[in-house]
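> generate coordinates for the sequence data below:
(2 chains)
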2 protein chains.
Amino acid sequence: MALYGCLEAGGTKFVVGLVTDAGEIVASVRIPTTLPDETLGAAIDWLQAAAGDHGPLSALGIATFGPAGIDRARRDWGFITSTPKPGWRQTDMAGPLGQAFGLPVGFDTDVNGAALAESRWGAGRGERMLAYLTLGTGIGGGIVVDGHSLHGRTHSEMGHIAVRRDSADGGFAGICPFHGDCLEGLASGPAIMARWGRALSDLPSDHPGHGIIAGYVAQLCIALEAMVSPDRIIIGGGVAQTPGLLDRVRQRADIRSAGYFPGFDAARIVAPGLGSHSGLLGALALAQDALAP
Amino acid sequence: MALYGCLEAGGTKFVVGLVTDAGEIVASVRIPTTLPDETLGAAIDWLQAAAGDHGPLSALGIATFGPAGIDRARRDWGFITSTPKPGWRQTDMAGPLGQAFGLPVGFDTDVNGAALAESRWGAGRGERMLAYLTLGTGIGGGIVVDGHSLHGRTHSEMGHIAVRRDSADGGFAGICPFHGDCLEGLASGPAIMARWGRALSDLPSDHPGHGIIAGYVAQLCIALEAMVSPDRIIIGGGVAQTPGLLDRVRQRADIRSAGYFPGFDAARIVAPGLGSHSGLLGALALAQDALAP
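The predicted structure follows:
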């Protein structure tokens, strides 16, 4: 069984694992995200030792925080690019990893990786087009079509779409440093914390925040339907685990669709199938594609 | 030189033409859109006579008003589906045409056809991903990736995205029968007529309507950037020919982007390259693809 070296590179920690073709995580480790040389160096050291213990690797995959260079034709492919994170701007991730092992490297954003993994093994199996959204510290999304991530000039930034303000949510300016009250500025975990003082899952079930947040997320679902009409919309991330949220999103998306969109069916808005493994399995999908694109 | 039978099927007229591989329109005719049997029958008769005069056809293409069935795996492929247009609901377009000639038929929406034509011969040549928008009686858009229309469960309906209201545009409810003040309800030709009594191009150049409409269209451009990050956004249709509109859209898109989107460049919002021929050339692109998908 082929073994892959998989990196889920996050802003606070890296999860590094040895994963089989079948998605079995043979071994894994968490490494705090400090500075590139240190963190990436520790990841490489761990992977080399793990490969020594468990057998040689076939390829490597990196599912990373962004923004990231994902166009293989460009010089900054495999880089974290314009991040505000200190020390990480213009950091080559794929280069050092590929050189250390002499192996092909797959590289994409964490959310594109998770979308690919959900398409291959999770809640999007058998669907031709899916969108995967994550609602957490940030809000992001990726689209998979025919088994491949949809890449434009760069990766999607759909957390930053403009939404219509809920009239019950006046007076809150939003926390996005770029757009104020874009979707992420209104409905991300920190935005929820900023106006109600706790996480969505800690608010009483009759708190108006539940409906407000669901309404904003429903707007992204309807915008996706209008733009690309996905077969399935998968919603993951910490905020999405709030009990009842997905049902509320479906209800509000139905109302906003107003019966118009011929392909729309709120039942196609679903939870992820891979849970907390979607990060590493995203890196696995990218590693597999690096070997046989 | 191969000849193709091309239909641009609109709600008020069909344009039917004999077009060469090189995009030369050998002959064409306009047929009023009355009832399916009559209009489609007249189109077939004309094409048979024209093929008699100019030589045999290689394939046929239909670029149609919608909504339309564009999934070849479904029974309603080649149909106009849930249109409110009297007599046209669930009308098989591709079937009768293919049977009359015994030839392969390409079929898609008019805007997806135009997007394909712009990608192949127009303002999108050489770009990997483009979006083509039309601003007219309705507002629609299509996305082309790697030379193919991006199809989800159905075609895009991006004219119906929700936009934020311009504070200078209060008091107008919008004219979309489904959503009221969605983009089409606010910025289509009839919406402009409804609140200002004339076409955008007939308003004085200092009329606030110019900025208001440009701002709404800019919101669609930024939503596209956030969702899929196209290499180019091409804006056609009657309303888009208003002098200065495209410049205003670029300015407002720049402001709304707020420097955030790494791939965004307002200079990539451009006019079509094919002008009024994009309909028939869209049908040509579909016909060519039916022959060699």
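> just the helices in the stretch 101-250 of chain A please.
A:110-121, A:183-187, A:189-196, A:208-227, A:245-257 (DSSP state H, counting those that start in this stretch).
> quick one: contacts for A:Leu97?
With contacts defined as Cβ atoms under 8 Å, 6 or more residues apart in numbering or on different chains, the neighbours of A:Leu97 are A:5, A:7, A:40, A:43-44, A:60, A:62, A:105. For every residue, glycine as well, the C-beta is placed using N, CA and C.
> and what about A:Ala290, helix, strand or coil?
In three-state terms, and counting by DSSP: H, G, I helix; E, B strand; the rest coil, A:Ala290 is helix.
> ignoring the adjacent residues along the chain, who's closest to it?
Sequence neighbours aside, A:Gly106 is the residue nearest to A:Ala290 in space, at 3.6 Å (criterion: Cβ to Cβ, 6 or more residues apart in numbering or on different chains).
> can you check A:Ala214 too?
Leaving out its chain neighbours, the residue that sits closest to A:Ala214 by Cβ to Cβ, 6+ apart is A:Arg248, at 3.4 Å.
> how near is that neighbour to chain B?
Shown here: A:Arg248 relative to chain B, a distance of 18 Å by Cβ to the nearest Cβ, to the nearest Å.
> contacting residues around that residue?
Contacts for A:Arg248 (Cβ under 8 Å, 6+ apart) come out as A:210-211, A:214.
> residues of the stretch 51-200 of chain A that sit close to chain B?
Residues of the stretch 51-200 of chain A that fall close to chain B, judged by Cβ under 8 Å from any Cβ of the partner chain: A:67, A:81-82, A:128-129, A:143, A:145, A:150-164, A:178-179.
> stretch A:262-269: which residues count as buried?
Using 16 or more other Cβ atoms under 10 Å in any protein chain shown as the burial criterion, the residues of stretch A:262-269 that qualify are A:262-264, A:266, A:268-269.
> again, but for stretch A:276-289
A:277-289.
> any chance of the residues you listed in JSON lines with distance to B:Asp76 and secondary structure as columns?
Below are the buried residues of stretch A:276-289 laid out as JSON lines (distance: Cβ to Cβ, whole Å; DSSP: H, G, I helix; E, B strand; the rest coil):
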{"residue": "A:His277", "distance to B:Asp76": "39", "secondary structure": "helix"}
{"residue": "A:Ser278", "distance to B:Asp76": "35", "secondary structure": "helix"}
{"residue": "A:Gly279", "distance to B:Asp76": "40", "secondary structure": "helix"}
{"residue": "A:Leu280", "distance to B:Asp76": "41", "secondary structure": "helix"}
{"residue": "A:Leu281", "distance to B:Asp76": "36", "secondary structure": "helix"}
{"residue": "A:Gly282", "distance to B:Asp76": "36", "secondary structure": "helix"}
{"residue": "A:Ala283", "distance to B:Asp76": "40", "secondary structure": "helix"}
{"residue": "A:Leu284", "distance to B:Asp76": "38", "secondary structure": "helix"}
{"residue": "A:Ala285", "distance to B:Asp76": "33", "secondary structure": "helix"}
{"residue": "A:Leu286", "distance to B:Asp76": "37", "secondary structure": "helix"}
{"residue": "A:Ala287", "distance to B:Asp76": "40", "secondary structure": "helix"}
{"residue": "A:Gln288", "distance to B:Asp76": "36", "secondary structure": "helix"}
{"residue": "A:Asp289", "distance to B:Asp76": "34", "secondary structure": "helix"}
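> host element of the residue lying closest to A:Ala2 once chain neighbours are set aside?
Closest residue in space to A:Ala2, ignoring its immediate chain neighbours: A:Ser58 at 4.3 Å, by Cβ to Cβ, 6+ apart. Under the assignment given by DSSP states H and E, the secondary-structure element containing A:Ser58 is strand A:57-64.
> hang on, the earlier thing: in JSON lines: the buried residues of stretch A:262-269, plus distance to chain B.
Converted to JSON lines, those look like this (distance: Cβ to the nearest Cβ, whole Å):
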{"residue": "A:Pro262", "distance to chain B": "5"}
{"residue": "A:Gly263", "distance to chain B": "3"}
{"residue": "A:Phe264", "distance to chain B": "8"}
{"residue": "A:Ala266", "distance to chain B": "13"}
{"residue": "A:Arg268", "distance to chain B": "8"}
{"residue": "A:Ile269", "distance to chain B": "13"}
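> quick check: beta-bridge partners of A:Gly236?
The residues listed as beta-bridge partners of A:Gly236 by DSSP bridges are A:Thr134.
> okay, now the domains of chain A?
What the record gives for chain A is the domain set A:3-113+A:276-291, A:125-271, from automatic domain parsing.
> with distance to B:Gly23 and mean pLDDT added, can I get those domains in JSON lines?
Compiled in JSON lines, the domains of chain A are given as follows (distance: least, Cβ to Cβ, whole Å; pLDDT from 0 to 100):
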{"stretch": "domain A:3-113+A:276-291", "distance to B:Gly23": "29", "mean pLDDT": "95"}
{"stretch": "domain A:125-271", "distance to B:Gly23": "27", "mean pLDDT": "95"}
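> for the ones you listed, give me a markdown table that also has distance to B:Pro190.
Putting the domains of chain A into a markdown table (distance: least, Cβ to Cβ, whole Å) gives the following:
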| stretch | distance to B:Pro190 |
| --- | --- |
| domain A:3-113+A:276-291 | 39 |
| domain A:125-271 | 17 |
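> what's the closest of these to B:Ala253?
Minimum separation from B:Ala253 across the domains of chain A (Cβ to Cβ) falls at domain A:125-271, 11.8 Å.
> and the residue nearest to A:Asp181 when sequence neighbours are not counted, how close does it get to chain B?
Take A:Asp181 and drop its neighbours on the chain: the residue closest to it by Cβ to Cβ, 6+ apart is A:Gly174, 3.1 Å away. A:Gly174 sits 12 Å away from chain B, going by Cβ to the nearest Cβ.
> who's in contact with A:Ala117?
Neighbouring residues of A:Ala117 by Cβ under 8 Å, 6+ apart: A:274, A:277-278, A:281-282, A:284-285.
> switch to 10 Å and redo it
When the contact criterion is Cβ atoms under 10 Å, 6 or more residues apart in numbering or on different chains, the partners of A:Ala117 are A:23, A:63, A:124, A:132, A:144, A:272-274, A:277-286.
> kindly report the same for A:Ser28.
In this structure, A:Ser28 makes contact with A:6, A:8, A:15-19, A:46, A:50, A:277, A:280, judged by Cβ under 10 Å, 6+ apart.
> how about those, which pair is most distant?
In the contacts of A:Ser28, the most distant members under the criterion Cβ to Cβ are A:Trp46 and A:His277, with 18.4 Å between them.
> give me the neighbour count for A:Gly126.
Summarising burial for A:Gly126: neighbours were counted as other Cβ atoms under 10 Å in any protein chain shown, giving 8.
> does it touch A:Gly147 like I think?
No: applying Cβ atoms under 10 Å as the test, A:Gly126 and A:Gly147 come out as separate, 11.0 Å apart.
> picking that back up, among the buried residues of stretch A:262-269, which are located in strands?
Within the buried residues of stretch A:262-269, residues falling in strands by DSSP state E are A:Ile269.
> for the residue nearest to A:Ala290, which residues count as its bridge partners?
In this entry, A:Gly106 is beta-bridged to A:Gly61, by DSSP bridges.
> I figured it was touching A:Ala59, is that so?
Yes: the pair A:Gly106 and A:Ala59 qualifies as a contact (Cβ under 10 Å) at a distance of 6.9 Å.
> overlap in contacts of the two?
Overlap between the neighbourhoods of A:Gly106 and A:Ala59 consists of A:4, A:6, A:284, A:286-291, taking contacts as Cβ under 10 Å, 6+ apart.
> more crowded one of A:Gly106 and A:Ala59?
Neighbour totals were compared for A:Gly106 and A:Ala59, and A:Gly106 leads with 26 against 23 (other Cβ under 10 Å).
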